[in-house]
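J.: Pasted the sequence and its predicted model underneath.
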Amino acid sequence: MPRLDEKLHAIYDQVLRRNPGEVEFHQAVHEVLDSLGPVVAKHPEYADGAVISRLCEPERQI
């Protein structure tokens, strides 16, 4: 997998801790974060404001 921006890597680590064993979800999150890398490089406030982190939390219903 490509290396993520430092701020995005921290978000990705949180996703891994919150959702252990969900390999497909981890891959999907990594791909989205990778595609957001240039945006965060231009506008770091998006990662600082936890906007991206909130997008990574899946909605779960039982």
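T.: Okay, I see it.
J.: Please, which helix or strand holds the residue lying closest to residue 14 once chain neighbours are set aside?
T.: Closest residue to residue 14 apart from its sequence neighbours, by Cβ to Cβ, 6 or more residues apart in numbering: residue 53 at 6.7 Å. Backbone N, C-alpha and C define where each C-beta goes, glycine included. Assigned by DSSP states H and E, residue 53 belongs to helix 51-55.
J.: what comes into contact with that helix?
T.: 8, 11, 14, 32-33, 36, 40, 46-47 (Cβ atoms under 8 Å, 6 or more residues apart in numbering).
J.: May I have it exported as CSV, CA atoms only?
T.: Extracted C-alpha coordinates of helix 51-55, given in CSV (Å, rounded to 0.1, in the frame of the first residue of the first chain):
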residue,chain,number,x,y,z
VAL,A,51,-13.7,15.9,9.5
ILE,A,52,-11.9,13.1,7.8
SER,A,53,-11.8,11.0,11.0
ARG,A,54,-15.6,11.3,11.3
LEU,A,55,-16.0,10.1,7.7
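J.: could the contacts of helix 51-55 go into CSV alongside neighbour count, secondary structure and distance to residue 21?
T.: Below are those laid out as CSV (neighbours: other Cβ atoms under 10 Å; DSSP: H, G, I helix; E, B strand; the rest coil; distance: Cβ to Cβ, whole Å):
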residue, neighbour count, secondary structure, distance to residue 21
8, 25, helix, 22
11, 22, helix, 19
14, 14, helix, 16
32, 14, helix, 19
33, 23, helix, 19
36, 19, helix, 24
40, 21, helix, 27
46, 17, helix, 28
47, 21, helix, 26
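J.: pLDDT for these - can I get that in CSV?
T.: Below are these laid out as CSV (pLDDT from 0 to 100):
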residue, pLDDT
8, 89
11, 89
14, 91
32, 91
33, 92
36, 89
40, 86
46, 82
47, 80
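J.: what residue ranges in this structure score low on pLDDT?
T.: 1-2, 58-62 (pLDDT under 70).
J.: ranges for the helices of it?
T.: For the chain, the helices defined by DSSP state H occupy 6-18, 23-42, 45-48, 51-55.
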